[in-house]
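K.L.:
The sequence and its predicted three-dimensional model are supplied below.
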Amino acid sequence: MTTSREPVSATPGLNRSRVALGRFVSNTLLALATGYVLFFFSERLFWGAFKPGDHVGDLAVTWLAYSVVAYLFLSVVYCFRARSPWSVFLAGAFFGWLIEGTLVGTLYGTEPSAPFPLSLLVTGVSWHALISVWVGWHFLRRALREGRARRVATWSVLLGLFWGTWTTFLWRETPPVVVSVRAFAAHALAVSLFLSIAYGVIQRVGARSFRPRPLGLCAALFGVGVFYVQQVKAEGVLPLVVLPLLLVVAAAAMWRASRIAGDFAEMDRSRPLRAASFAGLLAMPLVATAVYAGLLKAGWWARVPVATAVMYGITAPLSAVVLVWALARSLLSRLPGPVHPDPCNMSSKAAPVLSAPAGARARHDPTPQEATAMKNPRDYIDEIRANVKKMQAQGKVEKCYGISKAGKNDCQTDVSSCAGTSKKDNQPDAWIAVPRGTCEKIVGGMVKG
C-alpha cells in the first residue's frame, strides 16, 4: 500500500533567514538610493558644477555618508508616518539639522555668512529641508511615482532654471570659479543620470517597504556619532545643547502630526517605471546648461550677488514660513480621540494604544465601531485590499471598471494605490468590487482580465 506524503516545506529558520536577507537588501537599496537623491540636491545642485580639486572618490564617500544619514531619515519617515507635505517638511528639517550638526558643523555658526542663530535656518532648513527633501524627495518623486509626465517636466524645468542661475555664485568666490559650458553640461548630465537611477530604485523597491532594523539603526547612529563627537571637540558645549534640542522639537512635532486624523496620503508601494515620466527628468540638466551658457555670455551677471539674493531673499524666508506653518499645524492642532499604535514598535505583537482618558476606559470597553475607528488608516486600507482579494479568490466578487463615482473607487487605479482617489465619474481605470455576474448588467461596466 502506497501512502502519499505532503511535500516538506522549508524550515521556519530558513524562512526567517530569507525574510531577514530580503529586508536587509531592500533597506540597503532604499538607503543608498535615497542617500543619492539627497546627495544630489544637497551637494551637486548646491555646488553646481565639478570644480577644480574635486575628485570622484571624495564624492562617492560623501554619497555614502549621506546614505548613512538617509537611513535615519527613512526611519523617521517610517516611525512618524510622514506622508503629508507638512510632516515631510518636518522630517526634512530633522535631516537638515542632522547633516549640518554632525557632518559639517555649520549649524553652530561656523560660517561668517550664517552666524548663530541664523545658522539654525541656513542651510539646514532653507536648503536641505526645502529643496533636497520637500522638492527633490517628496514632490518630484511623487510626480514620478504617479506617472505624471507633465508635472515631472514642470519640476525639472523649474529646477533647471534654478540650477543654472544658482551656479553663477561660484563666479564671485575667492578665487572665482568659472567652469566652461561643456564641463557644466557633462557634470549636469552625469549626476542627473544617476539621479534617474536612484528614483527608479526607490520606485521599484517601494519606499513603504523600508523597515528600520536595530542593527541598521545602531550602525547609522554610530557613523553619525563619530562626526558628532568631532563637532563637540571643536565647538564645545554648543553642539550638546543645540542639536538634541532641535531634533527633539522636530520629533515631537512629527509625533503629533502622525496622530492627527487625515494625515495619511497615498501609500508608497512598489510601482512600475514609466519611461515618459522619467524622460522628463532630462529637462533639468538641459535647461540648467542653457541658462548657465546664457548667463556666461552676459558679462554683467557676474556682478550680481546670486548667493545672497537667493539664500536670504528667497529660500530662507520661504523655508521659515513653511517651518512655522508645519510646527503650528502639528503642535497646536487638537488631537483626535483615537491614537494610532506606535509604528516604531518592531514587535509583531504590539498592543493597540487607546487615547481615551483612564476614567473613560474604566467606564466601558470600546465598541466594535470605536475599535474600527482606532485603527491605523494604513492598516484599514490593507485590510480592505486583503478582503477584496480573499473574496475574489472565492469567486464571490469581481472588479467592475468604469462605473464608480469620483472619489468613491475601491483600492487602486492605474496611477494611485488608495481607495477614494479617482478624479472623475466613470473613470475607466477605477473600479469597485461587486457581486460576481453583476458588472455585465451595468451600463459602462467592464471586467478586465
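P.N.:
Great, that's in hand.
K.L.:
Okay, now the unreliable bits of the chain?
P.N.:
1-13, 261-273, 335-386, 388-389, 392, 411-420, 449 (pLDDT under 70).
K.L.:
make it 80
P.N.:
In the predicted model, the chain carries pLDDT under 80 at residues 1-16, 208, 259-274, 333-396, 407-408, 410-423, 448-449.
K.L.:
Walk me through the domains of it.
P.N.:
Each domain of the chain is listed here as a residue range: 17-331, 377-441, per automatic domain parsing.
K.L.:
can you tell which of those domains is closest to K448?
P.N.:
domain 377-441 (5.9 Å; Cβ to Cβ). C-betas here are computed from N, CA, C, even on glycine.
K.L.:
give me the number of residues near L118?
P.N.:
For L118, the neighbour count with other Cβ atoms under 10 Å is 14.
K.L.:
For the remainder of this discussion, apply numbering that starts at 30.
P.N.:
Shifting the count to begin at 30 puts that one at L147.
K.L.:
and it, what is it in contact with?
P.N.:
Applying Cβ atoms under 8 Å, 6 or more residues apart in numbering to L147 gives the contacts G138.
K.L.:
tell me the phi and psi of it?
P.N.:
In terms of degrees, to the nearest 10, the main-chain angles of L147 are phi -60, psi -30.
K.L.:
S451 now?
P.N.:
Backbone torsions of S451, given as degrees, to the nearest 10, read phi -70, psi 150.
K.L.:
show me what contacts the nearest residue to it once chain neighbours are set aside?
P.N.:
Computed as Cβ to Cβ, 6 or more residues apart in numbering, the closest residue to S451 that is not its neighbour in sequence is A459, at 3.8 Å. Going by Cβ under 8 Å, 6+ apart, A459 touches Y430, G431, S433, N438, T442, S451.
K.L.:
Can you show me the strands along the stretch 330-478 of the chain?
P.N.:
All strands of the stretch 330-478 of the chain, identified by DSSP state E, counting those that start in this stretch, fall at 426-430, 460-464.
K.L.:
CA atoms only for the last one - export them in PDB, please.
P.N.:
C-alpha atoms of strand 460-464 as PDB (Å, rounded to 0.1, in the frame of the first residue of the first chain):
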ATOM      1  CA  TRP A 460     -13.100  50.000 -10.100                       C
ATOM      2  CA  ILE A 461     -15.400  48.900  -7.300                       C
ATOM      3  CA  ALA A 462     -16.000  45.400  -6.100                       C
ATOM      4  CA  VAL A 463     -19.400  44.000  -7.000                       C
ATOM      5  CA  PRO A 464     -21.000  40.500  -6.700                       C
END
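K.L.:
tell me the angle it makes with strand 426-430.
P.N.:
Using axes from the mean of the first three to the mean of the last three Cα atoms, to 10 degrees, one finds that strand 460-464 and strand 426-430 are set 140 degrees apart in direction.
K.L.:
Does anything pack onto strand 460-464? Which helices or strands?
P.N.:
If you count contacts as 3 or more Cβ pairs under 8 Å, 6 or more residues apart in numbering; DSSP states H and E, strand 460-464 packs onto helix 406-422, strand 426-430.
K.L.:
buried sites along the lengthiest helix in the chain?
P.N.:
In the chain, taking DSSP state H as the definition, the longest helix is helix 41-68. By neighbour count on 16 or more other Cβ atoms under 10 Å, the buried set for helix 41-68 is 55-56, 58-68.
K.L.:
Return the residues in contact with the residue nearest to P146 when sequence neighbours are not counted.
P.N.:
Spatially, and ignoring its direct neighbours in sequence, P146 is nearest to G138 (7.5 Å; Cβ to Cβ, 6+ apart). G138 makes contacts with P144, F145, P146, L147, S148, as judged by Cβ under 8 Å, 6+ apart.
K.L.:
at 10 Å instead, please
P.N.:
By Cβ atoms under 10 Å, 6 or more residues apart in numbering, G138 lies in contact with P144, F145, P146, L147, S148, L149, E264, L267, V271.
K.L.:
From the residues you listed, list the buried ones, please.
P.N.:
Burial by neighbour count, judged by 16+ other Cβ under 10 Å, picks out S148, L149, E264, L267, V271 from the contacts of G138.
K.L.:
want to try JSON lines for those residues, with distance to F307 and secondary structure as columns?
P.N.:
Output for these, formatted as JSON lines (distance: Cβ to Cβ, whole Å; DSSP: H, G, I helix; E, B strand; the rest coil):
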{"residue": "S148", "distance to F307": "37", "secondary structure": "helix"}
{"residue": "L149", "distance to F307": "36", "secondary structure": "helix"}
{"residue": "E264", "distance to F307": "43", "secondary structure": "helix"}
{"residue": "L267", "distance to F307": "44", "secondary structure": "helix"}
{"residue": "V271", "distance to F307": "40", "secondary structure": "helix"}
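K.L.:
The strands of the stretch 330-478 of the chain: which one's closest to W284?
P.N.:
W284 sits nearest to strand 460-464 of all the strands of the stretch 330-478 of the chain, at 35.6 Å, using Cβ to Cβ.
K.L.:
Could you identify the helix or strand that succeeds the longest helix of the chain?
P.N.:
Once the chain leaves helix 41-68, the next helix or strand it forms, by DSSP states H and E, is helix 74-76.
K.L.:
could you give the angle of the helix or strand following that next one to helix 41-68?
P.N.:
Using DSSP H and E, the helix or strand that directly follows helix 74-76 along the chain is helix 85-108. Angle, helix 85-108 to helix 41-68, by the same axes, to 10 degrees: 120 degrees.
K.L.:
Show me which positions of helix 85-108 end up buried.
P.N.:
Buried residues in helix 85-108 (16+ other Cβ under 10 Å): 91-108.
K.L.:
elements contacting the very next helix or strand once past it?
P.N.:
With elements assigned by DSSP H and E, the helix or strand that comes after helix 85-108 is helix 114-127. For helix 114-127, the elements it packs on are helix 41-68, helix 85-108, helix 243-264, helix 267-286, helix 345-360, judged by 3 or more Cβ pairs under 10 Å, 6 or more residues apart in numbering; DSSP states H and E.
K.L.:
for these, which one sits closest to I160?
P.N.:
Using Cβ to Cβ as the measure, helix 345-360 is the one of the helices and strands packed on helix 114-127 that comes nearest I160, at 8.8 Å.
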